[in-house]
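**Student:** Model the following, please.
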Amino acid sequence: MSTVDALPQFADLHLLTVLAQTRSYTAAARRLGVSKASVSMRIVELERAAGVPLVRRTTRSVGLTEAGSQLVDDVQAAFAQIEHGFGRVRDQADHPRGLVRVTAPVALGRQHIAPTLAAFVARFPEIRIDLDLSDRLVNLAQEGFDLAIRHAEAPPDTHVAWTLCDTRSLLVASPAYLQRRGLPRHPRELAQHDCLVLSSDASQTRGWAFTDEQGAVQHLRPVGPLDCSDGQVLHDWCLAGHGIAWRSTWEVESEVAAGLLVPVLEAFAAPPNGIYAILPHASRHAPLRVRLWVDFLRAHFADPAFWRS
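**Tutor:** Residues are numbered from 1 along each chain as shown. This next block holds a predicted model:
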């Protein structure tokens with residue numbers, strides 16, 4: 001087969017690498033901007049050209065056969081290099097353009113990311129932002145995101161991340177709850193309190209962080225009657241007096257200032273953490289449209305007045 005004859009298979013091979021990441025015809029179609037039927041048809045054509053089955057289909061997911069996995073292993077590095085090279089060429093364009101798919105926590109997205117979009121689009125009218133707000137930890141590569149904005153003690157070792165700003169977390173409770181249950185004086189006393197747990201937060205696998213009397217960081221697993229995957233619901237529970245919650249300063253600053261929430265165990269405050277922009281891959285090279293969005297957020301987040309607005 002000549003190179004010219006193989007050109008259609010080149011596109012279908014790239015589709016196979018995307019399918020290997022997404023494990024879903026629907027997700028692969030959404031990422032590539034084609035129909036699900038087109039993805040299915042092109043995979044069938046690729047299997048016909050290869051002469052062996054490449055995809056293992058089940059009712060719940062899509063996997064690769066041994067031959068399919070071997071083929072993806074052989075070609076995905078080349079497609080990554082092609083994408084990198086083409087991205088660098090596109091970055092030379094006078095007008096940055098294209099789609100940036102971003103996932104962010106619900107509260108952070110609603111309060112501090114969504115309000116900035118109008119100014120960003122006005123500055124870069126040919127860049128589109130698709131903002132997905134969810135407190136669950138998504139698989140960036142599998143679901144086709146260009147970027148995740150996350151509040152964490154540290155970014156994951158498996159991803160490249162840029163620091164947008166430093167922040168910290170603290171425990172808070174309503175005055176009514178503290179009047180009813182008392183004020184804990186030490187982290188170990190939390191075992192006798194109602195802790196409100198954000199069940200979608202990966203940090204809960206380690207627990208809430210505290211600095212002990214020797215300055216070392218200790219983690220305590222919270223236990224309580226109410227867990228929720230939605231940070232806003234947990235926030236509302238805390239305001240309603242249902243327990244003690246672990247929240248970021250940017251989430252509760254106004255309520256603390258108004259006396260609606262009271263900081264708890266401040267003498268054992270955890271070390272500062274950060275808000276990070278996390279890439280779905282291990283390379284620091286990102287398209288210009290993504291870098292511009294990160295720089296825009298970093299400039300806003302670095303301004304103390306921004307958090308008070």
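**Student:** Would you mind listing where the protein has pLDDT under the threshold?
**Tutor:** Counting by pLDDT under 70, the chain contains low-confidence ranges at 1-8, 59, 84-94, 200-206, 281-284, 304-309.
**Student:** Tell me, domain by domain, which residues of it belong where.
**Tutor:** 3-90, 98-167+274-308, 169-271 (automatic domain parsing).
**Student:** now Leu220, nearest residue through space, not along the chain?
**Tutor:** Excluding the flanking residues, the one nearest Leu220 by C-beta to C-beta, 6 or more residues apart in numbering is Gly207, at 4.8 Å. Glycine gets a C-beta too; all of them are placed from N, C-alpha and C.
**Student:** max-length helix in this protein?
**Tutor:** Among the elements of the chain assigned as helix by DSSP state H, the one spanning the most residues is helix 66-90.
**Student:** number of nearby residues for Ala245?
**Tutor:** Counted by other C-beta atoms under 10 Å, the residues lying close to Ala245 total 30.
**Student:** right, and it touches Ser169 too?
**Tutor:** No. Using C-beta atoms under 8 Å, Ala245 is not in contact with Ser169, being 10.1 Å away.
**Student:** what residue is smack in the middle of the chain?
**Tutor:** Closest residue to the average C-alpha location of the chain: Ala148 at 3.5 Å, with C-alpha atoms, centre = their mean.
**Student:** mind listing what that one touches?
**Tutor:** Val102, Thr103, Ala104, Val138, Leu140, Ala277, Ile278, Pro280 (C-beta atoms under 8 Å, 6 or more residues apart in numbering).
**Student:** roughly how far apart are Asn139 and Leu71?
**Tutor:** 22 Å (C-beta to C-beta, to the nearest Å).
**Student:** er, Gln142 I mean
**Tutor:** When Gln142 is compared with Leu71 (using C-beta to C-beta), they lie 19 Å apart.
**Student:** what about those two, which has more around it?
**Tutor:** It is Leu71, of Gln142 and Leu71, that has more neighbours when counted by other C-beta under 10 Å, with 20 against 16.
**Student:** for that one, what are its contacts?
**Tutor:** Taking C-beta under 8 Å, 6+ apart as the contact definition, Leu71 lies against Leu13, Leu16, Ala50, Leu54.
**Student:** Of the residues you listed, which is the nearest to Arg188?
**Tutor:** Comparing those against Arg188 with C-beta to C-beta picks out Leu16 as the nearest, at 53.7 Å.
**Student:** Secondary structure element holding the closest one?
**Tutor:** Leu16 belongs to helix 3-22 when assigned by DSSP states H and E.
**Student:** Please enumerate residues in contact with that helix?
**Tutor:** When contacts are defined by C-beta under 8 Å, 6+ apart, helix 3-22 is touched by residues 25, 28, 31-32, 39, 42-43, 45-46, 49, 54-55, 62, 64, 68-69, 71-72, 75-76, 79, 141-144.
**Student:** Show me those that map onto strands.
**Tutor:** Helix and strand membership here follows DSSP state E; of the contacts of helix 3-22, those in strands are Val55, Val62, Leu64.
**Student:** pretty sure the first one is in contact with Arg42, am I right?
**Tutor:** No. Val55 lies out of contact with Arg42 (C-beta under 8 Å); the separation is 11.0 Å.
**Student:** Just the buried ones among the contacts of helix 3-22, please.
**Tutor:** Burial by neighbour count, 16 or more other C-beta atoms under 10 Å: within these this picks out 25, 28, 31-32, 39, 42-43, 46, 54-55, 62, 64, 68, 71-72, 76, 79, 142-144.
**Student:** roughly how far apart are Val102 and His95?
**Tutor:** Relative to His95, and taking C-beta to C-beta, Val102 is found at 20 Å.
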